[in-house]
Each structure stands twice: as C-alpha cells, then as structure tokens.
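In: Turn this into a model:
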Amino acid sequence: MDKHFFGTTDTGKVRDNNEDAFIAEKIAGTALIMGCVIDGVGGYSGGEIASAIARKSILQHLNLPNADLPALMREAIIAADQQIMNEKQLVKEHEKMACVLTLVVADPERNLFHYAHVGDTRLYLLRDQSLVKITKDQSFVGFMEDSGRLSEEQAMKHPKRNEINKALGFGANIKGQSDYIETGQSPFLPGDVLLICSDGLSDMVNREQITSVMTINASLQEKALKLTEMANANGGLDNITVVLIENDRKSALHKPEKPKTRLTRKPAASQVPEKEAVQPAITGNNHPANHDKGKKGTITLLVVICLALLGANAYLLWRNRSNERKALSSQRLSQIKPPRNPQEKKLQDTLNRMTGKILVLTDSLFQSPILITEPLRFRGDTVYLIAEKGITLKRDTSFNEVPIEVLPSNQHLQLENLTFEDFPTAIASQNNAVILKNVRFVNCPNAMEIVYHFPQGRYVSGKLPKSTFKTDSLPVTVTP
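Out: Numbers count the residues shown, from 1 in each chain. The predicted model follows:
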C-alpha cells in the first residue's frame, strides 16, 4: 500500500454480496496514479460481472498509457461498455446487468488530474479544508440536486435516488455520443486530496460529515475506513467503496526573504594605495603649468564629445516621437486597450486550456474581484463554470462591452456562484441553453440579452417560451 493513495470496499449492512469494484494503484513505469470506483447493477451475479469487466478493461488500456490520457480513458470505458453488451447477449441471466463508474488519472508531477464519469458514482476534490463535488450525478434526482431544486438531505432520502439515466450496458451506443461520458481535467495542487466513492457512501453520509473526516490529521487509510464506518453507522443500505488520492508534493512557492542590508566595507590594507614616500622633482614636463594646459585641452575635448552625443540623442528622440505620432494618428483611440490584468489573463488562459466540461474556480487560484477588460470566450459545446466560494467579475472603467458572449457553438453554459458588477449588459446569448445558479447582478441594467436567429426570407411559426428564475425565494419571469 502506498501512503498517498488507498482504496477500500465494504458490503454494507443490508446486501449479501458486493457488486462494487475499485482500482487504486500507480500506472507502471510512470508517476501517474489511477483511481476508479465501479458500482455494478443487476443482482447477485450480473452486477459483479459488469464491474469486473469494466475494471479489467480499464487496467488493460491504462497500464500502457500514451500521450493522450483523456482519449485513452474514453477508449477504456467504451471498450468496457461493448464487452458488457456482448456478455448480456451470451448469458440470459445477465441481461439486466450494467455498471456506473468514475475514473481518475492523477499526475502529481504536473499538478493535474483527468477524470471520466458515467452514472452516479462521485468525484470530490478537497482543497484548503473545502470539499467540492466535481462530477454530475447522471440521474433525475442528481439533476434536481445539482440545479438547486432539491437540497442534499432531500436528495439523499428521495425514493428515486437510485434511478440512473446513464450506465455502461444500457445499449446507448456510447461511441457515437460525444457527451455520454462526462470528462474533464482540473489542477491537482500540493495538499489536494481526491475522493472517489460509490453512492453507498454519498447516500449515507452528507458532504459536511465527509469533510469533517477528510480534514482530520490521519492517514488516507484511516480516513477511508472512517468514512466506511460512518456509512455503515447511518444504515449501510448499499455497498460502500472509497478511493483516496493525495498530492503529497511540496509547493514550489517560497516565502520571500528580506533583502540583506548592504554594509560598506573598508578596503583591506593591502588594497589601499600607499602615499609616495618621495615627491618627484618639479622640473620639465612635471611642472604644474604644463599639467594645467593638458587638463584644459582634455576638458575641452570632453565637452565637444558630450555636446555631439547630446545632439545625436536629441535627434533620435525627435525621430522616434515623430514615428510614434504617425503610428498613433493612424489608429482609432478606441482600439487602444490596456493589457489584461494577471487574474483576468489567468482566467482566460484556464478557459482556453480546459478539455472537459467543468471548470472550478478556487480561492487559492483566483482572487475576487476579477477586473474584466475584454470579453471572456468559452470553447466547447458544454461548459460548467463554478466558483467554489463565489467570485465577482467587475467591469474595468475602460471596458464597455459584454463580459460573457455565449457563441452559437456553445450549446449549454452553466454559471454558478458568480457576481457581475457594473456591466451595462452582463451576458449575451444566441439560441443557447444558459443555466444560472446563485448568480447575482449588481448595477447591471440589462443583466442578460438573448438574441434569436431565424431563417431569412421564410415564415416562422411558434412561441418563444418564458424563462422563470428565482431570486432568493421570489420567482421572476422573463419573456424573451
């Protein structure tokens, strides 16, 4: 067992068999850590077989990793789905078997982790004593909880909690659906801990209780066993599986040192020129009058050189300024923009680099408020932008545009825990699906502008639906 990753599974208090499986190990020949939790569905033999098939497929694909980890993870899950479908066709007793899973490959050396997810197993990230849920539960109750329609306690007790929309073995042609497998990547900083678990834990132990265990001063093994013990103490209604991965590397940041005081040292005795013991005779060329003449000639020459240099510099300065004035006169002043501030640039760079669908903005990386000087651009058809503890986007005095423009290529955008401040229009959308969760608008006269595009020259029939939002407890209806 390595002290920086650990996995465990338990049958629970009600079930007679364990349909869960897990992986917690290093990928051979690399520093990469692979963690996976698989939850089988389908009864005594079926669920266990589906979990075993998925586990074997993942180990086969990822123990020989190539450069494209996200693609390799996706291939492993697609292959597992196909093998489960083949088994269902061969054995009639297994026709109802399936499984859900969450797969993670952590790269501590690069401070990064990749994940792939299907179903209602979960991935959490613990950073700075705060626990963030990374994956989305692919179920009706999970959607209701993630969208704020159900509280965590209500979702945990809902009668349809275990009804899932997606799984391996559902015959959904995963390969042909780019969004069936939820994928993504996120920073994995020194001190971060990843928790992967089955619903046997998340249905029995709430986030606050999980956080209390994750933040104690104990080994990963002790924490995992404590979480399992709590799930059993709360009922143990399902199999319980827990995998923990920690980035144990030390931060590369160092505390700045105070500059050392500069002391004036006296030169060593050997470096002090000794005075001449005997003064030279004042005769011939050594006469002071001759020295005065030489000094005057030297000073005159130096003055001439200085004047020449000053004249040359003055000419070059005049020419440079003249060229600058010509260049500026050919540009419109409105096109001259100040450079992006570091926080805004970091946010845009992070958006550009994200390959998955979910981006979590943490307090340790982004300091609120972030001044916006240029529109933020989103890549990909689906983006979930979540501010961990709330972040304010504030208009810079030189910025008069819309900070977030949802382009037609972006079909689904969800913003969570954001505040927009001092923008004439905060969000511009074009035929897109936009979900706002705990989003606030301060001094934004036009919070959101929606533009619909219809075929030109053709008759259009239909009705533009009303959009209903909630402000605290009061519903607000917006008619586009």
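In: ok, residue 437 - contacts?
Out: Shown in contact with residue 437 (CB atoms under 8 Å, 6 or more residues apart in numbering): 147-148, 414-417. Bear in mind the C-beta positions are built from the backbone N, C-alpha and C, glycine included.
In: Tell me the most packed of these, by neighbour count.
Out: residue 415 (22 neighbours; other CB atoms under 10 Å).
In: before we move on, which element is it in?
Out: Element membership of residue 415 [criterion: DSSP states H and E] is strand 412-421.
In: Following the chain past that strand, name the next helix or strand.
Out: Next along from strand 412-421, by DSSP H and E: strand 425-430.
In: Compute the inter-axis angle for that following strand and strand 412-421.
Out: Angle, strand 425-430 to strand 412-421, by axes from the mean of the first three to the mean of the last three CA atoms, to 10 degrees: 160 degrees.
In: Only the buried residues of stretch 439-455, if you could.
Out: Residues 439, 441, 444, 447-448, 450 are the ones in stretch 439-455 that count as buried (16 or more other CB atoms under 10 Å).
In: Quick one: end-to-end distance for that stretch.
Out: One end of stretch 439-455 to the other measures 33 Å (CA to CA, to the nearest Å).
In: And the average pLDDT for it is what?
Out: Average pLDDT, stretch 439-455: 83.
In: what are the pairing partners of the strand holding residue 415, and which direction each?
Out: Its sheet considered, strand 412-421 pairs with strand 382-395 (parallel), strand 433-437 (parallel), strand 440-442 (parallel) by DSSP bridges.
In: most packed of these?
Out: Mean neighbour count (mean count of other CB atoms under 10 Å) peaks for strand 382-395 among those, with a mean of 19.
In: roughly how far out does the helix or strand just after that one sit from the chain middle?
Out: Going down the chain from strand 382-395, the next helix or strand is strand 404-406, by DSSP H and E. Strand 404-406 has its C-alpha centroid displaced from the chain centroid by 19 Å (CA atoms, centre = their mean, to the nearest Å).
In: And strand 404-406, what does it pack against?
Out: strand 425-430 (3 or more CB pairs under 8 Å, 6 or more residues apart in numbering; DSSP states H and E).
In: For the strand it packs on, list the C-alpha coordinates in CSV.
Out: C-alpha atoms of strand 425-430 as CSV (Å, rounded to 0.1, in the frame of the first residue of the first chain):
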residue,chain,number,x,y,z
THR,A,425,-25.1,44.0,-20.2
ALA,A,426,-23.6,41.1,-18.3
ILE,A,427,-24.4,38.1,-20.6
ALA,A,428,-25.3,37.9,-24.3
SER,A,429,-26.8,34.7,-25.6
GLN,A,430,-27.7,33.4,-29.0
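In: got the contact list for stretch 226-242?
Out: Stretch 226-242 has contacts (CB under 8 Å, 6+ apart) with 7-15, 18-22, 37-39, 195-201, 203-205, 209-210, 213, 216, 218, 224.
In: tell me which of the buried residues of stretch 439-455 is nearest to residue 59?
Out: Proximity of these to residue 59 (CB to CB) peaks at residue 439, which lies at 42.0 Å.
In: circling back: same list (the contacts of residue 437) but as CSV, adding distance to residue 94 and pLDDT.
Out: Converted to CSV, these look like this (distance: CB to CB, whole Å; pLDDT from 0 to 100):
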residue, distance to residue 94, pLDDT
147, 35, 82
148, 38, 84
414, 37, 86
415, 43, 89
416, 40, 89
417, 44, 90
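In: Restricted to buried residues, select the contacts of stretch 226-242 in PyMOL.
Out: Those of the contacts of stretch 226-242 that count as buried under 16+ other CB under 10 Å are selected in PyMOL with:
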select buried, resi 7+8+9+10+11+12+15+18+19+20+21+22+37+38+39+195+196+197+198+199+200+201+203+204+205+210+213+224
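In: Let's see which of the contacts of stretch 226-242 end up in strands.
Out: By the criterion of DSSP state E, membership of the contacts of stretch 226-242 in strands covers 7-10, 20-22, 37-39, 195-197.
In: What count of nearby residues applies to residue 119?
Out: The number of residues near residue 119, taken as other CB under 10 Å, comes to 27.
In: Nearest residue to it in space, please, no chain neighbours.
Out: Distances taken as CB to CB, 6 or more residues apart in numbering place residue 100 nearest to residue 119, at 2.2 Å, with adjacent residues excluded.
In: now do residue 101
Out: residue 38 (4.4 Å).
In: Just the buried residues of stretch 343-357, please?
Out: Neighbour-count burial for stretch 343-357, counted by 16+ other CB under 10 Å, picks out 343-344, 347-348, 351, 354, 356-357.
In: secondary structure class for residue 131?
Out: The three-state assignment at residue 131 reads strand, by DSSP: H, G, I helix; E, B strand; the rest coil.
In: need the contact list for the closest residue to it other than its chain neighbours.
Out: Distances taken as CB to CB, 6+ apart place residue 211 nearest to residue 131, at 4.4 Å, with adjacent residues excluded. Contact analysis of residue 211 by CB under 8 Å, 6+ apart lists 126, 129-131.
In: out of the residues you listed, which is most surrounded?
Out: The member of those that has the most neighbours, counting by other CB under 10 Å, is residue 126 with 20 neighbours.
In: pretty sure that one is touching residue 189, no?
Out: No - using CB atoms under 8 Å, residue 126 is not in contact with residue 189, being 10.9 Å away.
In: hang on, the earlier thing: now tell me which of the buried residues of stretch 343-357 the prediction trusts least.
Out: Minimum pLDDT across the buried residues of stretch 343-357 is recorded for residue 356, with 70.
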